[in-house]
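S.K.: how would this look folded up:
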Amino acid sequence: MTISDHTYRRFDSELESLRARVMQMGGLVQTQIISAIEAFIAGDHDRMQKVIADDHRVNGMEVTIDEECSQIIVKRQPAANDLRLVMAVSKIVTDLERIGDEAAKIARIGQLVLQRDHLHTPRVSYVRDVAEISVEMLRGVLDAFARLDAVKATSIIRDDQIVDEKFRGIMRQLITYMLEDPRTITSAFDIVFIAKAIERIGDHAKNIAENVIYIVKGKDVRHIAFDQLEHTLRSSTP
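M.R.: Here you go, the predicted structure:
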């Protein structure tokens, strides 16, 4: 084996390690989100506290992966597809860290809701459907990243439109609820903030999907309307 072959194999190993770290971080973030939402719906104060306490682990993983990206760029000076991967990973971990922040936010607000009079708390089932879609988006986009699947990533971008519509529906329901019983206004606003956090998870999953497409196709699809996206991808080359 030549020195050049050894260097290439070492570089490939470093890239695979980088992707594995992203998946590990994604798995932790997914656990955080599911725990926060389930704890909120179940009224489990201790589980919500654990989500808040574990947020530092997500932050630490972001810092570690960012440092690894910087080291790869300095040492290996990657080009073309490899450079796209490293650049996209740096952006993806930022979105994962922000999803972790949203999980902690859901847990903190959920604790406030529990402290209020349960008789005056709007039904938490309002957020269940949109939460399930957002969690599935996160799960799906992590799978798309693992497989470098641009088609799967495109479907995640489409699903974000569903989450946005669900959020608007929650807003309409809660406004009606507050008008019918003004005593629920404070708690209803808390649930609005939780619903918004869930909607933001969908936004971050969409951002990750756009970066997966960038890795695979070499095309920046941010700010492109979905009805133009498929045509753009068909006309692009990796």
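
S.K.: gap between the closest residue in space to D129 that isn't next to it in sequence and I133?
M.R.: Leaving aside its sequence neighbours, D129 sits nearest to K166 (C-beta to C-beta, 6 or more residues apart in numbering; 6.1 Å). For glycine as for every other residue, the C-beta is placed from the backbone atoms N, C-alpha and C. Distance check for K166 against I133: by C-beta to C-beta, to the nearest Å, it reads 7 Å.

S.K.: quick one: which of the two has more around it?
M.R.: With neighbours defined as other C-beta atoms under 10 Å, K166 and I133 compare such that K166 has more, 22 against 19.

S.K.: please report phi then psi for K219.
M.R.: Main-chain torsions, K219, degrees, to the nearest 10: phi -120, psi 130.

S.K.: what about it, distance to L229?
M.R.: From K219 across to L229, the span is 10 Å (C-beta to C-beta).

S.K.: what's the local residue count around V93?
M.R.: For V93, the neighbour count with other C-beta under 10 Å is 26.

S.K.: sorry, slip of the keys, the one I care about is T31.
M.R.: The tally of other residues near T31 (other C-beta under 10 Å) stands at 14.

S.K.: swap in E180?
M.R.: If you count neighbours by other C-beta under 10 Å, E180 ends up with 8.

S.K.: packing partners for the strand or helix carrying E16?
M.R.: For E16, the enclosing helix or strand under DSSP states H and E is helix 3-42. Helix 3-42 makes packing contacts with helix 45-53, helix 55-76, helix 80-115, helix 128-147, helix 185-217 when contacts are defined by 3 or more C-beta pairs under 8 Å, 6 or more residues apart in numbering; DSSP states H and E.

S.K.: out of the ones you listed, which gets nearest to S17?
M.R.: Closest to S17 of these is helix 55-76 (C-beta to C-beta; 7.8 Å).

S.K.: any idea how far the closest one is from the chain center?
M.R.: Chain-centre distance of helix 55-76: 18 Å, with C-alpha atoms, centre = their mean, to the nearest Å.

S.K.: go on, stretch 209-222?
M.R.: Taking C-alpha atoms, centre = their mean, one finds stretch 209-222 lying 16 Å from the centre of the chain it belongs to.

S.K.: same question, stretch 13-32
M.R.: Chain-centre distance of stretch 13-32: 13 Å, with C-alpha atoms, centre = their mean.
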